[in-house]
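Undergrad: A predicted structure for the sequence below; I have some questions about it.
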Amino acid sequence: MYQSAGGTVDDQAHDRTDDGDNDDTVATDASGVLYARTWRLQVDAAPDREAIDMMLDLLLPEVAALPGYRGATMLMDRGSHELCATVYWASLEELEASRTRETNAATGAFVIAAGNRMVTGVHDVVFNVPAPAMANRSLGRD
């Protein structure tokens, strides 16, 4: 068992689905828990800060405006050149309804980051309660 956004969640409550698309859904049966779709992009080189800001400023607002949007994360593994973006939703229905817009945004990120391959993976979503605030874009600037 662990603490999640919606309370304590038993590991057996997880419902993982993989429908063969370029996304994976990780969800739990516990009420109040968020749902997430994860996109993993293989890129030739780590995108520069300008490209990351472009993704945040041009692509994320399209997704963030959708009903049920609860946040997003983007991780860049500079060693393996893999970019991992996760978008969190309030319900499975809202996650499914967002599929087209989210796919368009992921494709845009793939183009901006000069991606050469899109891969998928399934991840459990575990949150610090309360989740830390993320507002400082200067973090990670070299």
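TA: Received, thanks.
Undergrad: Any idea how many residues pack against residue 81?
TA: 19 (other CB atoms under 10 Å). Bear in mind the C-beta positions are built from the backbone N, C-alpha and C, glycine included.
Undergrad: swap that for residue 108, please
TA: Neighbours around residue 108, by other CB under 10 Å: 15.
Undergrad: which secondary structure element contains it?
TA: Using DSSP states H and E, residue 108 maps to helix 99-112.
Undergrad: partners of residue 87 in the sheet?
TA: Beta-bridge partners recorded for residue 87 (DSSP bridges): residue 37, residue 72.
Undergrad: residues touching it, list them.
TA: Residue 87 sits next to 36, 37, 39, 63, 69, 71, 72, 98, 102 when contact means CB atoms under 8 Å, 6 or more residues apart in numbering.
Undergrad: Return the distance of the third one relative to residue 65.
TA: Per CB to CB, to the nearest Å, residue 39 is found 18 Å from residue 65.
Undergrad: ok, now residue 111?
TA: The value you get for residue 111 to residue 65, if CB to CB is used, is 21 Å.
Undergrad: Next: residue 105.
TA: 11 Å.
Undergrad: who's more crowded, those two?
TA: More neighbours surround residue 105 than the other of residue 105 and residue 65, with 23 against 9 (other CB under 10 Å).
Undergrad: Is the closest residue to that one other than its chain neighbours part of a helix or strand, or is it coil?
TA: Distances taken as CB to CB, 6 or more residues apart in numbering place residue 59 nearest to residue 105, at 4.3 Å, with adjacent residues excluded. Recorded secondary structure, residue 59: helix (DSSP: H, G, I helix; E, B strand; the rest coil).
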